[in-house]
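>>> Fold the following, please.
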Amino acid sequence: MQILNKINSFMWGTPLLLLVLFTGVILTVRTRFFQIRFFGASLKTFFGADKTTRKSGQPSALGAACTALAGTMGVGNIVGVAGAISLGGAGAVFWMWVSALFSMIVKFAEIALSVRYREQNRDGSRTGGAMYYIKNALPKIFSPLAIAFSACGVAAAFGIGNLVQINVVASSTVQMLKALVTLSPQIEFYIKLMTGIICAVLCAFVLKNDGVAGSFCKRMMPILTITYMLLTLGAIAVNYKNLPSVFACIFKGAFSPHGVTGGAVGSAFVGMRYGFARGVFSNEAGMGTAPTAYAASDGDEVSLGLMGITEVFIDTVVVCTLTSLAILCSVNIKYGLDLSTTLTLTALDSVYGERVLFVFCPVVIFFALSSTIGWGLYGTKFMTFLFGTKSKNVFLFIFIAAMIPAAVFRAEAAWIIAEILNGFMIIPNTVALLYLTNEVADITNNAQCTMHNA
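Below you'll find the predicted structure:
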C-alpha cells in the first residue's frame, strides 16, 4: 500500500493535472468554447439519436453512447465521488465541475478524431479509437505512442474495468446479506469468492457477442441512471434547507478547505487533485476509451462528437453532482478518511431508512457490471490493435478469469491501482490531442458552418 500510494501521488501530481487541464484549456480556446456554444445542439443530438436511421449491420449511435456511458457511469459516480469529498473536502466538487467543463471538449475531440481516422474491417464493420488517430494522423515517429496507449488500455481494463467494479459488486453483495444475517469473516470471504464466479459467468455470456453487450448497456443504463437520480434527488429534497450552506462549503472549500474541514484537508491542491482525478475517473475524458465505442457506430464525426459532450454532462455534472449534494446535505463527514460507499449509503439511510440498502446496492451492482462489460469491449479493441483479431478470445478469457480474485481483493488497493493505470492512458492520448488541436478546430468550424446552413 505504501508503494502504491507513492506511485499514485507521483502519477496524479502537478505535472499530470496540468497536462489534463492544459489540453482542455487549449482545445476550448482554439474551438472558441465550442462545448458551451453547441451544448444545446449536443443535447438535441444525444436524445434524438435513436430516431435516426442507421445503416444495416452498424451499431446505432445511441447504442454506442450507452456503451460509453456504461464504461463511465458506475462506481466512479458513487464511490469515487464520496471518496473525493471525504479526502479532498467539499471543494473537490467544484474542481469536478471545472474538470467537466474542459472534459466536454476533450471528449468531443477524441470521438471526432476517432471517427475521422477509423478503419473498416474485412466484414464491413468499423473499428477506431485513440490508437488509430495516433497511428494514422500523427507522424510515424509517434507510432510507438499508439502501441503504448493500447498496452495501457489493456492494463487499465483489468484495473478500472475489472478490479474496482467486481470488488464493489462483491462488497455490495456482502453488505446486503449482513443486513439480514450475521456473517463471519470466513463466510464473507466465500460469499465474495462466489460472487466473483457468478460475475465471471454472466459477463462471459454477454461479452462473447458485441451485439448482446451493446443491447444490454442500451437497456440497463437509462433504468439505472434514473433510479439512482431519484434516490439522490429525494435525499436532497428532504434536506433542501441545507443547500445554501452546502454550496457555500463547496466554493469556499475549493480555495480554502482548511476552514471547512476543520484542518483535516489543509491544502487547496488536495481538493483539486481529488476533484480532477475522480472527475476524470468518472467521465474518462482524456483517457481515449469512449471513442472505441463511438467509432464502431453509424454516424459522422460531428454528431457523434456532440453526443460525447452530453455524455460528460450526464455523467459528471448531473449524476456526480447529485451524489455530492445528497452527501453534503445529509451527512456530517469525517474528513481525511476514504469512506467511499459508506458515505453515500449513510446519506440515503438518513432519508429512506436502512431498507434503502436493498435498492441502493442492486443499483451499484448493475452499474458496476455495466462498466465491466463496457471495459471488456474496450479491452478487446486494444488487444486486437496490438496482436490482431485472434487475440480477442485470449483477452476475454483472462479478463473473465480475473474477476474471481478481483472479488476478494483489498478495496483500497483496487482504487489506487485503477487511478495509476488511468494516468498511464492519459499521457499518450493528450499528447496526440495537443498535436491535432488545429484539426479539431477545423472540425468545429465545419460543424458551425453546416449547422448554420441547415
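>>> Could you tell me how many residues sit around the closest residue to Arg116 other than its chain neighbours?
Closest residue in space to Arg116, ignoring its immediate chain neighbours: Glu301 at 5.0 Å, by Cβ to Cβ, 6 or more residues apart in numbering. Quick note: C-beta positions are derived from backbone N, CA and C, even for glycine. Neighbour count for Glu301, taken as other Cβ atoms under 10 Å: 21.
>>> Would you mind listing where the protein has pLDDT under the threshold?
Scanning the chain with the threshold set as pLDDT under 70 gives 11-14, 49-76, 209-218, 258-268, 281, 336-341, 411-415, 418, 448-454.
>>> circling back: the residue nearest to Arg116 touches Tyr117, doesn't it?
No: counting by Cβ atoms under 8 Å, Glu301 stays clear of Tyr117, with 9.4 Å between them.
>>> circling back to that earlier point, from Arg118, how far off is the residue nearest to Arg116?
9 Å (Cβ to Cβ, to the nearest Å).
>>> for Ala254, same thing?
For Ala254 relative to Arg118 (Cβ to Cβ), the value is 39 Å.
>>> now do Glu419
Applying Cβ to Cβ to Glu419 and Arg118 gives a distance of 29 Å.
>>> what do you get for Ile160?
Taken as Cβ to Cβ, the span from Ile160 to Arg118 is 24 Å.
>>> And Val431, by the same measure?
According to Cβ to Cβ, Val431 and Arg118 sit 20 Å apart.
>>> And these two? Which one has more around it.
Using other Cβ under 10 Å, the more surrounded residue of Val431 and Arg118 is Arg118, with 21 against 18.
>>> Now the more buried one: closest residue in space, sequence neighbours ignored.
Among residues not flanking Arg118 along the chain, Gly128 sits closest, at 3.0 Å (Cβ to Cβ, 6+ apart).
>>> Tell me how many other residues crowd the one you found.
Count around Gly128 with other Cβ under 10 Å applied: 26.
>>> Which residues are in contact with it?
Going by Cβ atoms under 8 Å, 6 or more residues apart in numbering, Gly128 touches 114-115, 117-119, 291-292, 294-296.
>>> a strand runs through Gly288, doesn't it?
No: Gly288 sits outside any strand when classified using DSSP: H, G, I helix; E, B strand; the rest coil, being coil.
>>> wait, doesn't it sit right on Glu110?
Yes: counting by Cβ under 8 Å, Gly288 does reach Glu110; the two are 5.5 Å apart.
>>> Overlap in contacts, the two.
With Cβ under 8 Å, 6+ apart, Gly288 and Glu110 have common neighbours 130, 429.
>>> ok, now which ones touch Leu421?
Contact partners of Leu421, counting by Cβ under 8 Å, 6+ apart, are 152, 155-156, 158-160.
>>> ok, and the most crowded of the residues you listed?
Neighbour max across the contacts of Leu421 (other Cβ under 10 Å) = Ile160, 31 neighbours.
>>> Is it correct that it is in contact with Trp375?
Yes: between Ile160 and Trp375 there is a contact at 6.7 Å, judged by Cβ under 8 Å.
>>> And the helices in the stretch 101-250 of the chain, which stretches?
Secondary structure of the stretch 101-250 of the chain (DSSP state H, counting those that start in this stretch): helices located at 130-137, 143-158, 164-178, 185-207, 210-238, 243-255.
>>> Show me the helices in the stretch 251-400 of the chain, by range?
Counting by DSSP H, counting those that start in this stretch, the helices of the stretch 251-400 of the chain are 257-261, 268-283, 291-294, 301-312, 321-330, 341-352, 357-387, 391-401.
>>> Give the buried residues for the longest one.
Going by neighbour count (16 or more other Cβ atoms under 10 Å), the buried part of helix 357-387 is 357, 360-361, 363-386.
>>> Distance of the residue nearest to Arg116 relative to Val440?
Look at Glu301 and Val440: by Cβ to Cβ, they are 10 Å apart.
>>> Check Ile26 too.
Noted for Ile26: a distance of 10 Å to Val440, by Cβ to Cβ.
>>> Do I have it right that Trp375 meets Ala155?
No: Trp375 is beyond contact range of Ala155, at 11.5 Å (criterion: Cβ under 8 Å).
>>> Just give the closest residue to Ile236, not the sequence neighbours.
Spatial nearest neighbour of Ile236, chain neighbours left out: Leu325 (5.1 Å); criterion: Cβ to Cβ, 6+ apart.
>>> for that neighbour, what are its contacts?
Applying Cβ under 8 Å, 6+ apart, the residues contacting Leu325 are 232, 236, 243, 246.
>>> Where neighbours are concerned, which of those residues has the most?
Result: Thr232 is most packed of these (other Cβ under 10 Å), 26 neighbours.
>>> give me every residue that touches that one.
Listed by Cβ under 8 Å, 6+ apart, the contact partners of Thr232 are 322-323, 325-326, 348.
>>> how about the residues you listed in a markdown table, adding distance to Ile166?
Below are those laid out as a markdown table (distance: Cβ to Cβ, whole Å):
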| residue | distance to Ile166 |
| --- | --- |
| Leu322 | 25 |
| Thr323 | 21 |
| Leu325 | 29 |
| Ala326 | 25 |
| Leu348 | 23 |
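>>> neighbours of Val394, just the number please.
12.
>>> Surely Asn446 touches Val302?
Yes: counting by Cβ under 8 Å, Asn446 does reach Val302; the two are 7.3 Å apart.
>>> Between these two, which has more neighbouring residues?
Higher neighbour count among Asn446 and Val302: Val302, with 22 against 12, using other Cβ under 10 Å.
>>> And the contacts of Thr232, which two are furthest apart?
Using Cβ to Cβ, the contacts of Thr232 span at most 12.4 Å, a distance reached by Leu325 and Leu348.
>>> Asn77 versus Cys320, what's the distance?
Plainly put, Cys320 is 5 Å away from Asn77 if you go by Cβ to Cβ.
>>> can you list residues touching both of those two?
By the contact definition Cβ under 8 Å, 6+ apart, Cys320 and Asn77 are jointly contacted by Ser282.
>>> which one of the two has more residues nearby?
Asn77 (31 against 28).
>>> Am I right that that one falls within a helix?
Yes: membership of Asn77 in a helix is supported by three-state DSSP.
>>> Can you tell me how far it is from Val363?
Using Cβ to Cβ, Asn77 is found at 11 Å from Val363.
>>> what does Ser125 give?
In terms of Cβ to Cβ, Ser125 sits 33 Å off from Val363.
>>> just Glu188 next, same as before
21 Å.
>>> Nothing else from me, thank you.
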